[in-house]
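# sequence and computational prediction follow.
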Amino acid sequence: MRSGSGKLIVFEGIDGSGKTTISRLFFKHLEDNKINTSWFREPSDSKWGKKIRELADKMDSIPINDEFRYFLEDRKWDVENNILPSLKKGEIVILDRYYFSSACYQGARGMDVKMIIDENRKFSPEPDLLFLIDVDIPTAMSRIKSSRVVEAKLFEKESFLLKVRKNYLDLKSDFIKIIDGKRPIDSVLRSVINEFNQFFSQ
Ligand code: ADP
Ligand code: TYD
């Protein structure tokens, strides 16, 4: 499913890979070049997104099907209220996470990855480009350690993220570009800009 004349650029990766940092800088780069751009993140600001953020680290205490459903409902809201309207205006739409997060995270909790993708594709436009910001687990852990995760949960988080990373690397699609996120921020950003320029010069 494609919609409108804009382009959809998705950033994905495990927690601490640098998605938010790089996608914001990329957004600024496009704005500086006078390109109409919007930036959205998932979970979004919908009532479902707020519920997900409230639950945060307690997610493993709710049934996996409920967890999946919250993300799905949040995404429906995001597609309808943010993504499609911006694409219709012809904008470049940058997403910090999209349905590939559901595939890889809820997949790592045992759900079938293909089923998750099929459910989401029923209403979600396909990306034009997806940047998978890939880092190894020790790099991701050292980036998130100080900021977000309580010490006792670190080990659990580490083994979970290992599964999530594997799911990301197993995704196969022409629009996926794997970017080495371990390098300094300016080189990661440069790779993203180069890939983007190459894509749009075709
Ligand atoms: P994500 O959105 O993938 O969880 P963030 O963009 O929030 O990741 O980055 C997590 C932390 O790592 C932040 O403190 C950020 O400044 C830092 N960071 C992001 N990218 C890099 C990088 N390439 N090199 C070093 N530190 C980085
Ligand atoms: P986020 O705030 O983007 O975390 P981070 O900045 O650390 O990458 O996302 C919150 C968490 O929600 C993150 O651990 C990934 C998870 N998530 C899913 O499990 N499924 C989904 O569909 C989405 C969008 C996020």
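Thanks, I have it. Ligands and ions are numbered 1, 2, ... in the order given.

# confirm that residue 72 sits in a strand.
No: counting by DSSP: H, G, I helix; E, B strand; the rest coil, one finds residue 72 to be helix, located in no strand.

# how many residues are close by it?
When neighbours are counted by other Cβ atoms under 10 Å, residue 72 registers 20. Using the backbone N, CA and C atoms, a C-beta is placed for each residue, glycine as well.

# nearest spatial neighbour of it, chain-adjacent residues omitted?
Excluding its sequence neighbours, the residue lying closest to residue 72 (Cβ to Cβ, 6 or more residues apart in numbering) is residue 119, at 6.6 Å.

# quickly note the distance from that neighbour to residue 8.
Counting by Cβ to Cβ, to the nearest Å, the gap from residue 119 to residue 8 is 18 Å.

# with neighbour numbers in mind, choose between these two.
For residue 119 against residue 8, the residue with the higher neighbour count under other Cβ under 10 Å is residue 8, and the figures read 25 against 19.

# tell me which residues form a beta bridge with that one?
With DSSP bridges applied, the residues forming beta bridges to residue 8 are residue 93.

# looking at it, it is touching residue 95, isn't it?
Yes: proximity of residue 8 to residue 95 meets the contact threshold set by Cβ atoms under 8 Å, at 7.0 Å.

# which neighbours do the two share?
Overlap of the contact sets of residue 8 and residue 95 (by Cβ atoms under 8 Å, 6 or more residues apart in numbering) consists of 83, 127.

# ok, how many other residues are close to residue 193?
The criterion is other Cβ under 10 Å. On that basis, residue 193 has 15 neighbouring residues.

# next: residue 36.
By the criterion of other Cβ under 10 Å, residue 36 has 13 neighbours.

# quick one: contacts for it?
Residues in contact with residue 36 (Cβ under 8 Å, 6+ apart) are 89-92.

# neighbour-wise, give me the winner out of the residues you listed.
For the contacts of residue 36, neighbours tallied by other Cβ under 10 Å; top is residue 92, 23 neighbours.

# contact partners for it?
With Cβ under 8 Å, 6+ apart as the criterion, the residues that contact residue 92 are 6-7, 9, 30, 35-38.

# again, but for residue 124
With Cβ under 8 Å, 6+ apart as the criterion, the residues that contact residue 124 are 1, 75, 79, 83, 98-99.

# that'll do, ta.
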